[in-house]
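> Model the following, please.
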Amino acid sequence: IPYIAPEIFKGAAFSKESDVYSFGMIMWEVTTGCKPFANIEHNIELIYEIIDGKRPEITNDTPECFANLMKKCWDSDPLKRPTIGEVKRSIHEYLCRFDKVETFKQAEKKRLELIQLKQLGFEFSENSHPKAIFTSRALSSLISKASTINSSSMISFNVKQGYITKEYEFDINNIQSLTVSANSSRKRNFEELKNETNETQKNRKYIKVDNLDDECCQK
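Here you go, the predicted structure:
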C-alpha cells in the first residue's frame, strides 16, 4: 500500500507517473533506513489518508533539494510529478555539482550523528505494526472500496499541506442520479419526494438535496 500512488486507489491505471510516485517512496526509504508507514496498519483507512495527502515525514538530515524532489514525486496530481528522466537529471546534478556534493556530505555527517544518538535508522524507529504488510498481496478489493469515494464527486482536504480541494459533479441530464459524496467520514444525504398527485403536476418529480442552496431540483 505505501508505494502505490493515490490515483490507483481511485481506479486509475498504473502509469509512468504512478511509478515515479513509487520511486519517491523508495527515495524516502533510502534516506531513513525505514519502510514507509511501518508503524500503522495497512488497511482501507491508510488508503483514505494517502488519497487525502498523507506522506511519510521527511527527516531533518535530508538535504533540502532531495526532500523537494521527493515531494514532487509524491504530488497528488500525477501531471505535476517529474518524469523519470527529470528525476535522473536531478540526481546526476546532485552528484556532480560541488555545492550539491558538499550539501550531501554534510547531510551524511548529520545522519551518522543521528544514528549514534539512536534517533535514526530501522532499528531505532517506532515498533513495526503487526499488520503493516510489505509482502506481495492482492489489493483489488481494497482498491475497489477506495475507488467508490470518487465515483461521482469527492471533497478532499489536507490541512498539513495547506490546501483544500472541493469537487462537485452533477449530471443535469439525469437529475434522478444526482448525488453529493464526500470522503470516507461523510455520507450521501439525499431524499426523493413522492410525485405530486394533482393533475397539473402529476408528471413532475422533485429531489431534495440537503445543504445545497437550491432545495429542489425539478425535472
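
> Show me what the lengthiest helix in the chain is packed up against.
As assigned by DSSP state H, the longest helix anywhere in the chain is helix 98-116. Applying 3 or more Cβ pairs under 8 Å, 6 or more residues apart in numbering; DSSP states H and E, one finds that helix 98-116 contacts helix 64-73, helix 84-96. Every residue, glycine included, has its C-beta placed from N, CA and C.

> if we go to 10 Å?
helix 16-32, helix 64-73, helix 84-96 (3 or more Cβ pairs under 10 Å, 6 or more residues apart in numbering; DSSP states H and E).

> Now that helix: buried residues?
K100, T103, F104, A107, K110, R111, L114 (16 or more other Cβ atoms under 10 Å).

> re earlier: among the helices and strands packed on helix 98-116, which is nearest P56?
Comparing these against P56 with Cβ to Cβ, the closest turns out to be helix 16-32 (5.1 Å).

> ok so, going back, so can I have CSV of the helices and strands packed on helix 98-116 showing distance to I44?
CSV is the format used below for the helices and strands packed on helix 98-116 (distance: least, Cβ to Cβ, whole Å):
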stretch, distance to I44
helix 16-32, 19
helix 64-73, 24
helix 84-96, 30
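
> Out of these, which gets nearest to S128?
Closest approach to S128 among the helices and strands packed on helix 98-116 (Cβ to Cβ): helix 16-32, 13.5 Å.

> Now stretch 86-102: buried residues?
V87, S90, Y94, K100.

> Might one say that the second one is in contact with C96?
Okay, so that is S90. No: look at S90 against C96 with Cβ atoms under 10 Å: they stay out of range, at 11.0 Å.

> roughly how far apart are the closest residue to I1 other than its chain neighbours and L95?
In space, I1 comes closest to H42 once its chain neighbours are excluded; the distance is 4.6 Å by Cβ to Cβ, 6 or more residues apart in numbering. Distance check for H42 against L95: by Cβ to Cβ, to the nearest Å, it reads 34 Å.

> now V87
13 Å.

> returning to that earlier point: can I get the buried residues of helix 98-116 in JSON lines including distance to R81 and pLDDT?
Shown next, in JSON lines, are those (distance: Cβ to Cβ, whole Å; pLDDT from 0 to 100):
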{"residue": "K100", "distance to R81": "21", "pLDDT": "85"}
{"residue": "T103", "distance to R81": "23", "pLDDT": "88"}
{"residue": "F104", "distance to R81": "23", "pLDDT": "88"}
{"residue": "A107", "distance to R81": "23", "pLDDT": "87"}
{"residue": "K110", "distance to R81": "28", "pLDDT": "85"}
{"residue": "R111", "distance to R81": "26", "pLDDT": "81"}
{"residue": "L114", "distance to R81": "29", "pLDDT": "79"}
